[in-house]
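1. Fold the following and give me the result.
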Amino acid sequence: MIYGVGTDIVKIARIREALTRFGTRFQGRIFTPVENAYCLKKKEPHLHYALRFAAKEAFAKALGLGMRVGITWRDIEISNEASGKPTLNLYGPSAELCAKLDIKRKFVSLSHERDYGIAVVILEADSS
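-> Residues are numbered from 1 along each chain as shown. Purely as a prediction, here's the structure:
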């Protein structure tokens with residue numbers, strides 16, 4: 001059973017500006033070491049940061065609570081399988097809340113076109 005669907009669109013230039021202005025402070029506050037390592041290896045790190053930022057927002061919307069109840073940006077991590085498929089990993093309060101809500105599966109899709117990035121997150125709970 002679908003628990004929630006969240007979507008977010010982000011202007012890529014906005015994230016590029018935040019990275020330029022705040023640098024490692026922004027990276028460390030919003031992204032996990034895994035995300036930073038992944039993005040920094042890319043030709044256009046700002047694009048990959050923007051997609052991960054959008055996915056974190058989309059997760060919060062799918063959950064229906066936003067970034068409240070103790071959830072932090074770094075509790076939500078977007079990584080990639082060997083095939084390139086993005087995956088959503090949860091830690092701390094995010095993981096605990098999803099366990100409490102019986103959310104068993106998480107799906108994430110990322111895409112971009114020139115100036116904008118978009119993420120969609122679907123959370124699925126057991127139907128029992």
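
2. where exactly do the strands run in this structure?
-> 2-11, 76-80, 86-90, 103-113, 116-125 (DSSP state E).

3. For those, give me TSV that also has distance to Phe26 and mean pLDDT.
-> (C-beta placed from N, C-alpha, C; glycine too.) Listed next are the strands of the chain as TSV, based on distance: least, CB to CB, whole Å; pLDDT from 0 to 100:
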stretch	distance to Phe26	mean pLDDT
strand 2-11	14	97
strand 76-80	16	97
strand 86-90	20	98
strand 103-113	19	97
strand 116-125	16	98
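
4. okay, the ones you listed in TSV with distance to Leu40 and mean neighbour count next?
-> Rendered in TSV, the data for those read as follows (distance: least, CB to CB, whole Å; neighbours: other CB atoms under 10 Å):
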stretch	distance to Leu40	mean neighbour count
strand 2-11	19	17
strand 76-80	14	21
strand 86-90	17	17
strand 103-113	17	16
strand 116-125	17	20
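
5. Tell me which of the ones you listed lies nearest to Lys43.
-> strand 103-113 (13.4 Å; CB to CB).

6. picking up where we left off before, looking at the strands of the chain, which is closest to Ala60?
-> Closest among these, once you apply CB to CB, is strand 2-11, at 6.8 Å.
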